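Visitor: Pasting a predicted model and its sequence here:
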Amino acid sequence: MSTEKSVAVLNTLIKINNDRIRVYDLAQKATHDIDLHQLFDHFRSDINMFITELESDLQKLNSNPVPFKKKNIFLEKMWLSFKLFFDESNREDLLNTLEYDEFVAINNYKSTLVNNLIDLDTSTKMRLKSHYKMLETRHDKLKELGDLMLIEHKYDKSFTF
């Protein structure tokens, strides 16, 4: 087990989760739907728990998290804000965007687990597997909500006069 590699992996996952918090902050600004605000608060709470646990694992390795540097995704997020603000299907687009972001996070966790199993201790592996399962659950929830929007649109259009 390489301590240096473990530290790098944990810092990468902390960065991924910090980015996810920023995405949910943006998503919350893009909607007025109370149910989505509550859902995003719940997701952010889970993400903060992930970060706290990852930071704890870093401390066990006598290391500290690398200071979080916001990568320059300003234009991408600005476009998302603009699109969601002026688009009539705001909720559906927002859910689809978040579902994709969760899909990316799931793949990052999976890749980290698969490629670095030898460099992580057992408790960290178990924690990351737990995070991975929670990410899958979040993704499935967003997908379910997005699919409901598709059904509602289909239903609404079938009863137009």
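Guide: Looks like it came in fine.
Visitor: Residue 2 and residue 52: what is the separation?
Guide: 24 Å (C-beta to C-beta, to the nearest Å). Where C-beta positions appear, they are placed from N, C-alpha and C, glycine not excepted.
Visitor: if you skip the residues just before and after it, what's nearest to residue 139?
Guide: Closest residue in space to residue 139, ignoring its immediate chain neighbours: residue 102 at 3.9 Å, by C-beta to C-beta, 6 or more residues apart in numbering.
Visitor: Verify the contact between the one you found and residue 132 for me.
Guide: No: using C-beta atoms under 8 Å, residue 102 is not in contact with residue 132, being 11.4 Å away.
Visitor: between those two, who's got more neighbours?
Guide: Ranked by neighbour count (other C-beta atoms under 10 Å), residue 102 and residue 132 place residue 102 first, with 22 against 17.
Visitor: ok, now which ones touch the more buried one?
Guide: By C-beta atoms under 8 Å, 6 or more residues apart in numbering, the contact list for residue 102 reads 135, 138-139, 142.
Visitor: And the one helix or strand residue 41 maps to, what's buried?
Guide: For residue 41, the host element (DSSP states H and E) is helix 34-60. Buried residues in helix 34-60, counted by 16 or more other C-beta atoms under 10 Å: 36, 39-40, 43-44, 46-47, 50-51, 53-55, 57-58.
Visitor: Repeat that for stretch 13-25.
Guide: For stretch 13-25, by 16+ other C-beta under 10 Å, it's 13-21, 23-24.
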